[in-house]
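In: sharing a sequence plus its predicted fold:
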Amino acid sequence: MSHYPASSRAADDAAALAPRSSARHPVYIVLLFFLCFAFSYLDRQVVSILVQPIKQSLALTDTQIGLLQGFSFTMCYATAGVFVARLVDRGNRVRLIAVCIAIWAISTAACGFATNFTELLLARAGTAIAEAALSPAALSIFSDIFAPRRVARASSVFMLGPYVGGGAALFGGGMLLSAAATGQGTAWLGAHGFEPWQAVFLAVGVPGLFLAALVAITVREPARREEDTHDARTHNEIPSLRDVLVELFVRNRFCLPYFAAYVALITLFYSHAAWFPTLLMRHFDLAPSVVGQMAAPAYMIGGILGVASGALLATRVTDDTTLRKVLGFSTCAVALLTPAAIAMPLVASSNVAIVLYGVSALTASIAMGLAPVPLQIAVPNRMRGRSLALLVFMTNAISGGVGPLSVGYLNERLGATGASLGASLAIVGGAAAFVSMILYAFATCRVAAANSR
């Protein structure tokens with residue numbers, strides 16, 4: 001018999017294979033939160049298409065650019081996630097999401113008023129802190145309005161957000177920058193004390209305020225599923241952080257290699273998101289608008305196909321085997337990702353690089369789309385928010401910090417050319433993908449061994 005509590009905890013949910021009646025329009029909720037997630041990545045990653053003008057305007061180094069896109073942003077994101085996790089487990093999650101969207105929208109717009117590195121760093125920190133609440137809150141809500149197999153599908157739709165938002169940042173950011181940099185646009189902005197890259201931040205930040213209002217007005221907080229199946233004493237209990245850690249790393253022994261595998265995978269993701277557009281500009285001498293037009297479709301199509309494939313695979317397994325097979329699917333996907341991640345930054349053709357970028361997005365997104373599912377299945381309701389927040393904390397504190405910063409630092413050591421940037425991306429991304437593959441395989445074996453007992 002399995003030593004993992006996945007099936008027993010899923011038993012409470014298995015009785016309802018349809019969305020809960022207490023949640024109004026669950027499909028609408030999923031789509032709206034997906035849109036919120038896409039906007040968060042639009043605001044987060046638009047800086048990747050603005051690297052060159054920001055660097056020239058504020059006289060920044062590649063290491064400082066790496067800090068803006070990586071360590072400083074993700075450390076704020078990760079640290080804030082620890083504090084919001086308890087609010088997710090005990091408070092009104094919908095209200096929390098709406099407030100945080102408004103804050104990150106204002107912070108992104110504030111980047112447009114930055115005149116030096118410190119001001120831009122502080123504004124980016126505000127965006128990061130506010131964005132930390134969305135993922136754990138939304139994924140916790142999905143666990144309450146869908147049964148386990150439908151949770152995988154809903155979570156996968158939500159996890160399309162980084163690819164749609166990241167693609168929009170590349171394509172839309174490039175187009176906005178080109179429009180703002182035209183003669184008439186530059187003259188108007190110059191007359192009002194703005195540069196084109198600052199106008200882009202304003203343009204992508206302000207719409208978030210309308211999205212925050214939409215969430216607050218149209219979504220109601222759903223009842224927590226386990227509150228309907230446990231007594232009043234359990235209803236009022238909030239497990240301690242120690243209880244959460246014991247649940248994750250003692251009772252669920254697959255979690256340690258699983259967490260580490262995802263950290264390695266997201267190291268690659270952040271490295272590509274931060275530096276691949278710049279690689280195309282420096283190594284192939286492409287304009288930002290051209291980079292956006294080329295990279296955005298590959299990124300979005302690959303990501304959407306990967307997440308959809310992962311969701312389809314997850315919904316075709318039984319509840320008793322979901323945990324093991326989800327980890328197995330992720331292992332296979334990352335195994336296919338590894339050679340593409342190494343080759344992509346090193347090829348001599350921009351077109352081949354774009355194709356490999358799409359392949360990398362497709363394979364990585366299979367594992368990323370499935371990432372929340374093991375915790376949603378194996379962890380009790382009142383621990384899910386902090387469990388997911390811990391996963392987010394680790395990926396952002398380690399992956400988001402190490403990935404972009406390592407590429408920028410290594411590139412400066414290798415000569416700060418287009419070729420050296422490609423080599424830096426290949427080293428960091430290839431190593432991260434290989435380590436992730438090994439750890440995913442180890443986590444899968446642990447679940448299989450426990451299930452065979």
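Out: Thanks, I have the structure now. Numbering: from 1, shown residues only.

In: could you check how far stretch 207-216 is from the centre of its chain?
Out: What separates the centre of stretch 207-216 from the centre of its chain is 20 Å, taken as CA atoms, centre = their mean, to the nearest Å.

In: quick check: buried residues in it?
Out: Neighbour counts over stretch 207-216 (16 or more other CB atoms under 10 Å) mark Gly208, Leu211, Ala212, Val215 as buried. All C-beta atoms are positioned from the backbone trio N, CA, C, and that covers glycine.

In: I'd guessed the last one sits against Ile97; true?
Out: Yes. With contact defined as CB atoms under 8 Å, Val215 counts as touching Ile97 (5.7 Å).

In: quick check: Ser420 touching Leu414?
Out: Yes. At 3.6 Å, Ser420 and Leu414 qualify as touching, with contact defined as CB under 8 Å.

In: next secondary structure after the helix or strand Ser156 falls within?
Out: Using DSSP states H and E, Ser156 maps to helix 148-158. Of the helices and strands lying after helix 148-158 in sequence (DSSP H and E), the nearest is helix 161-180.

In: could you list the buried residues of that following helix?
Out: Buried residues in helix 161-180 (16+ other CB under 10 Å): 161-178, 180.

In: and that helix, C-alpha only, in PDB?
Out: The C-alpha trace of helix 161-180 is given here as PDB (Å, rounded to 0.1, in the frame of the first residue of the first chain):
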ATOM      1  CA  GLY A 161      -0.100  32.500 -18.100                       C
ATOM      2  CA  PRO A 162       3.700  32.800 -18.200                       C
ATOM      3  CA  TYR A 163       3.800  31.900 -21.900                       C
ATOM      4  CA  VAL A 164       1.000  34.100 -23.000                       C
ATOM      5  CA  GLY A 165       2.200  37.000 -20.800                       C
ATOM      6  CA  GLY A 166       5.800  36.400 -21.700                       C
ATOM      7  CA  GLY A 167       5.000  36.300 -25.400                       C
ATOM      8  CA  ALA A 168       2.900  39.500 -25.100                       C
ATOM      9  CA  ALA A 169       5.900  41.100 -23.300                       C
ATOM     10  CA  LEU A 170       8.200  40.200 -26.300                       C
ATOM     11  CA  PHE A 171       5.800  41.100 -29.100                       C
ATOM     12  CA  GLY A 172       3.800  43.900 -27.500                       C
ATOM     13  CA  GLY A 173       6.800  45.400 -25.700                       C
ATOM     14  CA  GLY A 174       8.800  45.400 -28.900                       C
ATOM     15  CA  MET A 175       6.000  47.000 -30.900                       C
ATOM     16  CA  LEU A 176       5.400  49.600 -28.200                       C
ATOM     17  CA  LEU A 177       9.100  50.500 -28.000                       C
ATOM     18  CA  SER A 178       9.300  50.900 -31.800                       C
ATOM     19  CA  ALA A 179       6.200  53.100 -31.900                       C
ATOM     20  CA  ALA A 180       7.500  55.200 -29.000                       C
END
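
In: for that helix, packing partners?
Out: Where contact means 3 or more CB pairs under 8 Å, 6 or more residues apart in numbering; DSSP states H and E, helix 161-180 is packed against helix 26-45, helix 183-191, helix 196-205, helix 255-284, helix 288-315, helix 350-370.

In: redo that, cut-off 7 Å
Out: If you count contacts as 3 or more CB pairs under 7 Å, 6 or more residues apart in numbering; DSSP states H and E, helix 161-180 packs onto helix 26-45, helix 196-205, helix 288-315.

In: okay, these in CSV with mean neighbour count and distance to Ile354 next?
Out: Below are the helices and strands packed on helix 161-180 laid out as CSV (neighbours: other CB atoms under 10 Å; distance: least, CB to CB, whole Å):
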stretch, mean neighbour count, distance to Ile354
helix 26-45, 22, 17
helix 196-205, 24, 22
helix 288-315, 22, 5
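
In: mean pLDDT lowest for which of those?
Out: Ranked by mean pLDDT, the helices and strands packed on helix 161-180 end with helix 288-315 at the bottom, a mean of 87.

In: okay, the angle between that helix and helix 350-370?
Out: Angle between the axes of helix 288-315 and helix 350-370 is 40 degrees (criterion: axes from the mean of the first three to the mean of the last three CA atoms, to 10 degrees).

In: tell me the first helix or strand C-terminal of helix 288-315.
Out: helix 322-343.

In: so Leu177 touches Ala287, yeah?
Out: No. With contact defined as CB atoms under 7 Å, Leu177 does not reach Ala287; the gap is 9.2 Å.

In: Ser107 contacts Ala123, doesn't it?
Out: Yes. Between Ser107 and Ala123 there is a contact under CB under 7 Å: 5.5 Å.

In: how close does Thr63 sit to Leu177?
Out: 23 Å (CB to CB, to the nearest Å).

In: what does Gly167 give?
Out: Between Gly167 and Leu177 the computed distance is 16 Å (CB to CB).

In: that'll do, ta.
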